[in-house]
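Trainee: Got a sequence here, can you model it:
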Amino acid sequence: MAGLSKGDRIVKADGHPVRNTIDLYQVLAARPAMVSLGVEHGGVRDVPLVLSYDAQQNANLGLTFAATAYRSTPLRLDGAFLHSVKDSVETVTLTVKGIGLLFQGVNLRNAVAGPSG
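Mentor: Numbers count the residues shown, from 1 in each chain. Alright, predicted model coming up:
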């Protein structure tokens with residue numbers, strides 16, 4: 001597809017940096033007929049990508065994105081409990097801050113990004 005091979009990493013789309021799939025899909029949101037991809041694999045090269053769209057106007061890319069696996073170190077019961085308390089406090093704090101932002105009139109598109117933001 002488009003001169004791409006396994007292990008290639010898309011780093012630009014139409015001159016915009018691509019750090020993640022969201023960046024790529026933001027460029028594709030304009031429904032362009034063609035996109036110039038900056039592809040890294042032992043060096044960066046430009047690859048033209050001619051797009052087609054399905055009935056729901058989603059781009060037919062013909063590629064998959066590699067999932068990243070994370071391994072955590074096993075914890076004893078006391079360490080796991082402390083870790084869970086820390087995570088719970090952080091979640092509650094962020095939730096309270098987020099609710100506070102809603103009442104301050106912050107634009108939701110800028111305030112809510114989700115886990116990948």
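Trainee: residue boundaries of the strands in the chain?
Mentor: Shown for the chain, the strands assigned by DSSP state E span residues 9-13, 16-17, 34-40, 44-50.
Trainee: who's in contact with the second one?
Mentor: Just to be clear, that refers to strand 16-17. With contacts defined as CB atoms under 8 Å, 6 or more residues apart in numbering, strand 16-17 is touched by 11, 23, 26-27. Backbone N, C-alpha and C define where each C-beta goes, glycine included.
Trainee: Out of those residues, flag the one nearest to Gly79.
Mentor: Of all the contacts of strand 16-17, the one with the least separation from Gly79 (CB to CB) is Asp23, at 36.2 Å.
Trainee: residues in contact with the closest one?
Mentor: With contacts defined as CB under 8 Å, 6+ apart, the neighbours of Asp23 are 13, 16-17.
Trainee: can you pick the most crowded of those residues?
Mentor: Within those, Ala13 tops the neighbour count with 20 neighbours, counted by other CB atoms under 10 Å.
Trainee: How about it, nearest residue that isn't a chain neighbour?
Mentor: Computed as CB to CB, 6 or more residues apart in numbering, the closest residue to Ala13 that is not its neighbour in sequence is Val27, at 4.2 Å.
Trainee: in this protein, which spans are helices?
Mentor: 21-28, 77-103, 108-111 (DSSP state H).
Trainee: which of the ones you listed sits most buried?
Mentor: Across those, averaging neighbours per residue (mean count of other CB atoms under 10 Å) puts helix 21-28 on top, at a mean of 15.
Trainee: Understood, closing this out.
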